[in-house]
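> just the structure for this:
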Amino acid sequence: MDKLLYIAMSGAKQNMNALAVNANNLANAKTTGFKADLAQARSMQAYGEGMATRVFSMTERASQNFDSGALLTTGRSLDVAIGGEGFFAVQGKDGQEAYTRGGHLRVTETGALETNDGELVIGEAGPIFLPLPVNNIQISRDGTIMVQPEGAPSTVQEEVARIKLVNPDVRLIDKGNDGLFRAKDGQVLQADINVQVQGGALESSNVNPVNEMTEMIALQRQFEMQLKMMKTAEENDSSASSLLRAF
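As a prediction, this is how the structure comes out:
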(Lines give C-alpha, C1' and ligand atoms only; values in the text may rest on other atoms or scores of the structure.)
Protein backbone atom coordinates (compact mmCIF):
# COMPACT_ATOMS: atom_id res chain seq x y z
CA MET A 1 0.00 0.00 0.00
CA ASP A 2 2.75 2.41 1.01
CA LYS A 3 4.64 1.79 -2.23
CA LEU A 4 1.51 2.37 -4.32
CA LEU A 5 0.76 5.64 -2.54
CA TYR A 6 4.37 6.83 -2.83
CA ILE A 7 4.55 6.18 -6.56
CA ALA A 8 1.18 7.85 -7.19
CA MET A 9 2.07 10.86 -5.04
CA SER A 10 5.44 11.45 -6.72
CA GLY A 11 3.90 10.88 -10.16
CA ALA A 12 1.21 13.52 -9.56
CA LYS A 13 3.80 16.02 -8.36
CA GLN A 14 6.02 15.48 -11.41
CA ASN A 15 3.02 15.74 -13.75
CA MET A 16 2.55 19.25 -12.38
CA ASN A 17 6.21 20.04 -13.10
CA ALA A 18 5.78 18.79 -16.67
CA LEU A 19 2.68 20.98 -17.04
CA ALA A 20 4.78 23.99 -16.01
CA VAL A 21 7.27 23.25 -18.81
CA ASN A 22 4.38 22.79 -21.23
CA ALA A 23 2.70 26.04 -20.15
CA ASN A 24 5.98 27.95 -20.54
CA ASN A 25 6.27 26.70 -24.12
CA LEU A 26 2.74 27.86 -24.91
CA ALA A 27 3.39 31.25 -23.31
CA ASN A 28 6.38 31.73 -25.63
CA ALA A 29 4.68 30.57 -28.84
CA LYS A 30 5.18 34.06 -30.27
CA THR A 31 8.56 34.88 -28.69
CA THR A 32 11.22 35.62 -31.30
CA GLY A 33 13.85 32.88 -31.52
CA PHE A 34 12.39 30.83 -28.65
CA LYS A 35 13.31 27.14 -28.51
CA ALA A 36 10.73 24.82 -26.98
CA ASP A 37 11.73 22.95 -23.83
CA LEU A 38 11.48 19.16 -23.84
CA ALA A 39 10.41 17.33 -20.67
CA GLN A 40 10.99 13.68 -19.83
CA ALA A 41 10.13 11.50 -16.84
CA ARG A 42 12.21 8.70 -15.34
CA SER A 43 12.22 6.55 -12.25
CA MET A 44 14.65 7.37 -9.45
CA GLN A 45 15.72 5.31 -6.44
CA ALA A 46 14.90 6.95 -3.13
CA TYR A 47 17.82 6.60 -0.69
CA GLY A 48 17.70 7.20 3.03
CA GLU A 49 17.67 5.30 6.31
CA GLY A 50 17.09 1.57 5.91
CA MET A 51 16.83 -0.37 2.68
CA ALA A 52 16.45 1.38 -0.68
CA THR A 53 12.98 0.02 -1.37
CA ARG A 54 11.28 3.11 -2.76
CA VAL A 55 11.24 4.39 -6.33
CA PHE A 56 9.76 7.75 -7.29
CA SER A 57 9.05 9.61 -10.52
CA MET A 58 11.09 12.61 -11.61
CA THR A 59 10.33 14.97 -14.48
CA GLU A 60 13.25 16.96 -15.86
CA ARG A 61 13.82 19.45 -18.64
CA ALA A 62 15.98 17.18 -20.73
CA SER A 63 16.90 19.69 -23.41
CA GLN A 64 15.36 21.95 -26.01
CA ASN A 65 13.99 21.52 -29.50
CA PHE A 66 16.67 23.22 -31.60
CA ASP A 67 14.76 23.08 -34.89
CA SER A 68 14.70 26.45 -36.65
CA GLY A 69 11.51 28.48 -36.51
CA ALA A 70 9.93 30.08 -39.55
CA LEU A 71 11.59 33.24 -40.90
CA LEU A 72 9.35 36.29 -40.85
CA THR A 73 10.28 39.11 -43.22
CA THR A 74 10.03 42.51 -41.52
CA GLY A 75 12.17 44.76 -43.74
CA ARG A 76 13.56 46.46 -40.62
CA SER A 77 17.32 46.99 -40.82
CA LEU A 78 17.90 46.03 -37.16
CA ASP A 79 15.98 42.77 -37.44
CA VAL A 80 18.30 39.83 -38.13
CA ALA A 81 17.86 36.07 -38.11
CA ILE A 82 20.38 33.24 -38.08
CA GLY A 83 20.37 31.30 -41.33
CA GLY A 84 20.58 27.67 -40.24
CA GLU A 85 22.55 26.77 -37.11
CA GLY A 86 24.20 29.24 -34.76
CA PHE A 87 23.58 31.90 -32.11
CA PHE A 88 24.14 35.60 -31.46
CA ALA A 89 26.47 36.41 -28.56
CA VAL A 90 25.02 38.78 -25.95
CA GLN A 91 25.82 39.97 -22.45
CA GLY A 92 23.35 38.57 -19.90
CA LYS A 93 22.03 40.47 -16.91
CA ASP A 94 24.73 38.76 -14.84
CA GLY A 95 27.42 40.36 -17.01
CA GLN A 96 28.49 37.04 -18.51
CA GLU A 97 28.47 36.10 -22.18
CA ALA A 98 25.40 34.16 -23.28
CA TYR A 99 23.76 33.17 -26.57
CA THR A 100 20.38 33.69 -28.19
CA ARG A 101 18.52 33.31 -31.48
CA GLY A 102 16.45 36.44 -30.90
CA GLY A 103 17.55 39.04 -33.43
CA HIS A 104 15.12 41.92 -32.77
CA LEU A 105 17.75 44.60 -32.06
CA ARG A 106 17.63 48.26 -31.11
CA VAL A 107 20.02 51.13 -30.47
CA THR A 108 19.86 52.96 -27.12
CA GLU A 109 20.40 56.67 -26.54
CA THR A 110 24.03 55.93 -25.66
CA GLY A 111 24.58 54.02 -28.92
CA ALA A 112 24.53 50.55 -27.34
CA LEU A 113 23.22 47.80 -29.58
CA GLU A 114 20.96 45.53 -27.56
CA THR A 115 18.27 42.91 -27.94
CA ASN A 116 14.59 43.55 -27.33
CA ASP A 117 15.07 42.16 -23.79
CA GLY A 118 17.87 44.59 -23.00
CA GLU A 119 20.93 42.34 -23.37
CA LEU A 120 23.95 44.03 -24.96
CA VAL A 121 25.00 42.51 -28.28
CA ILE A 122 28.63 41.36 -28.21
CA GLY A 123 31.07 41.93 -31.05
CA GLU A 124 34.64 40.86 -31.63
CA ALA A 125 35.87 43.39 -29.04
CA GLY A 126 33.09 43.25 -26.47
CA PRO A 127 29.67 44.95 -26.31
CA ILE A 128 28.85 46.92 -29.46
CA PHE A 129 28.37 50.70 -29.29
CA LEU A 130 27.53 52.69 -32.42
CA PRO A 131 28.97 56.20 -32.92
CA LEU A 132 25.88 58.40 -32.72
CA PRO A 133 24.36 60.03 -34.63
CA VAL A 134 24.26 57.60 -37.58
CA ASN A 135 21.92 56.86 -40.43
CA ASN A 136 21.16 53.84 -42.56
CA ILE A 137 22.39 50.99 -40.35
CA GLN A 138 22.99 47.80 -42.34
CA ILE A 139 23.98 44.33 -41.10
CA SER A 140 25.65 42.05 -43.65
CA ARG A 141 25.44 38.26 -43.79
CA ASP A 142 28.62 37.78 -41.75
CA GLY A 143 27.35 40.08 -38.98
CA THR A 144 29.34 43.16 -40.02
CA ILE A 145 27.56 46.40 -39.08
CA MET A 146 27.83 49.23 -41.62
CA VAL A 147 26.55 52.75 -40.92
CA GLN A 148 26.24 56.03 -42.77
CA PRO A 149 27.77 58.77 -40.60
CA GLU A 150 25.64 61.84 -39.95
CA GLY A 151 25.95 64.28 -42.84
CA ALA A 152 27.86 61.86 -45.09
CA PRO A 153 26.62 61.01 -48.61
CA SER A 154 24.36 57.98 -48.89
CA THR A 155 27.11 56.14 -50.78
CA VAL A 156 29.46 56.35 -47.77
CA GLN A 157 29.30 53.36 -45.46
CA GLU A 158 31.66 52.75 -42.55
CA GLU A 159 32.24 49.47 -40.73
CA VAL A 160 31.85 49.96 -36.99
CA ALA A 161 31.66 46.41 -35.56
CA ARG A 162 30.91 42.80 -36.26
CA ILE A 163 28.42 40.75 -34.28
CA LYS A 164 29.93 37.67 -32.67
CA LEU A 165 28.27 34.56 -34.08
CA VAL A 166 28.84 31.11 -32.58
CA ASN A 167 27.82 27.59 -33.54
CA PRO A 168 28.34 25.26 -30.55
CA ASP A 169 27.39 21.62 -30.23
CA VAL A 170 23.87 21.91 -28.80
CA ARG A 171 24.65 19.03 -26.42
CA LEU A 172 27.21 21.26 -24.70
CA ILE A 173 24.96 24.24 -23.98
CA ASP A 174 22.14 24.73 -21.50
CA LYS A 175 19.31 27.24 -21.27
CA GLY A 176 19.03 29.36 -18.14
CA ASN A 177 15.93 30.79 -16.48
CA ASP A 178 16.45 34.00 -18.45
CA GLY A 179 15.98 32.13 -21.74
CA LEU A 180 19.62 32.55 -22.78
CA PHE A 181 21.97 29.68 -23.60
CA ARG A 182 25.38 29.18 -21.99
CA ALA A 183 28.13 26.60 -22.24
CA LYS A 184 27.68 23.90 -19.62
CA ASP A 185 31.35 24.14 -18.64
CA GLY A 186 31.07 27.91 -18.18
CA GLN A 187 33.57 28.68 -20.94
CA VAL A 188 33.21 31.45 -23.54
CA LEU A 189 32.53 30.05 -27.00
CA GLN A 190 34.68 30.92 -29.99
CA ALA A 191 33.25 32.82 -32.96
CA ASP A 192 32.37 30.80 -36.06
CA ILE A 193 32.88 32.59 -39.39
CA ASN A 194 30.60 30.10 -41.13
CA VAL A 195 27.46 31.30 -39.34
CA GLN A 196 25.46 33.73 -41.46
CA VAL A 197 22.56 36.04 -40.74
CA GLN A 198 19.68 37.30 -42.80
CA GLY A 199 18.82 40.97 -42.49
CA GLY A 200 15.30 42.33 -42.40
CA ALA A 201 13.89 39.12 -40.94
CA LEU A 202 13.18 37.47 -37.59
CA GLU A 203 13.04 33.83 -36.61
CA SER A 204 9.74 32.91 -34.98
CA SER A 205 9.35 30.54 -32.05
CA ASN A 206 9.53 26.84 -32.95
CA VAL A 207 6.73 25.98 -30.51
CA ASN A 208 3.86 24.05 -32.12
CA PRO A 209 0.75 25.20 -30.19
CA VAL A 210 -1.34 22.22 -31.36
CA ASN A 211 1.24 19.71 -30.10
CA GLU A 212 1.61 21.58 -26.82
CA MET A 213 -2.15 21.63 -26.24
CA THR A 214 -2.36 17.90 -26.96
CA GLU A 215 0.49 17.23 -24.54
CA MET A 216 -1.21 19.37 -21.90
CA ILE A 217 -4.40 17.29 -22.16
CA ALA A 218 -2.38 14.07 -21.84
CA LEU A 219 -0.57 15.37 -18.74
CA GLN A 220 -3.86 16.38 -17.12
CA ARG A 221 -5.24 12.90 -17.74
CA GLN A 222 -2.12 11.37 -16.18
CA PHE A 223 -2.54 13.63 -13.15
CA GLU A 224 -6.13 12.47 -12.73
CA MET A 225 -4.98 8.84 -12.96
CA GLN A 226 -2.42 9.42 -10.19
CA LEU A 227 -5.14 10.87 -7.95
CA LYS A 228 -7.33 7.82 -8.58
CA MET A 229 -4.40 5.58 -7.59
CA MET A 230 -4.03 7.51 -4.33
CA LYS A 231 -7.75 7.11 -3.69
CA THR A 232 -7.45 3.36 -4.36
CA ALA A 233 -4.54 3.13 -1.91
CA GLU A 234 -6.67 4.85 0.73
CA GLU A 235 -9.57 2.45 0.13
CA ASN A 236 -7.25 -0.55 0.31
CA ASP A 237 -5.80 0.73 3.56
CA SER A 238 -9.29 1.18 5.05
CA SER A 239 -10.27 -2.35 4.00
CA ALA A 240 -7.13 -3.82 5.54
CA SER A 241 -7.78 -1.95 8.80
CA SER A 242 -11.34 -3.30 8.89
CA LEU A 243 -10.07 -6.88 8.50
CA LEU A 244 -7.60 -6.42 11.33
CA ARG A 245 -10.31 -5.09 13.64
CA ALA A 246 -12.48 -8.10 12.83
CA PHE A 247 -9.85 -10.35 14.40
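> which SS class is the residue lying closest to S205 once chain neighbours are set aside?
Using C-beta to C-beta, 6 or more residues apart in numbering and skipping residues adjacent in sequence, the residue nearest S205 is F34, 4.0 Å away. The C-beta positions use only the backbone N, C-alpha and C, and glycine is treated the same way. Under DSSP: H, G, I helix; E, B strand; the rest coil, F34 falls in the coil class.
> isn't F34 right next to L202, touching?
No: with contact defined as C-beta atoms under 8 Å, F34 does not reach L202; the gap is 11.3 Å.
> who has more neighbours, those two?
F34 (25 against 22; other C-beta atoms under 10 Å).
> list the buried residues for the strand or helix carrying M44?
M44 is part of strand 37-46 when elements are defined by DSSP states H and E. Neighbour-count burial for strand 37-46 flags D37, A39, A41 (criterion: 16 or more other C-beta atoms under 10 Å).
> you'd agree the last one is up against A18?
Think A41. Yes: the pair A41 and A18 qualifies as a contact (C-beta under 8 Å) at a distance of 6.9 Å.
> so which elements touch the strand holding M44?
helix 2-27, strand 54-64 (3 or more C-beta pairs under 8 Å, 6 or more residues apart in numbering; DSSP states H and E).
> rank these by pLDDT, which is bottom?
Across the helices and strands packed on strand 37-46, strand 54-64 has the smallest mean pLDDT, namely a mean of 71.
> after that strand comes which helix or strand?
Toward the C-terminus from strand 54-64 - assigned by DSSP H and E - lies strand 71-73.
> neighbouring strands for that following strand, and are they parallel or not?
strand 201-203 (antiparallel) (DSSP bridges).
> between the very next helix or strand once past the partner strand and strand 37-46, how many degrees?
Sequence-wise, the next helix or strand downstream of strand 201-203 (DSSP H and E) is helix 209-246. Compare the direction of helix 209-246 with that of strand 37-46 by axes from the mean of the first three to the mean of the last three C-alpha atoms, to 10 degrees and you get 20 degrees.
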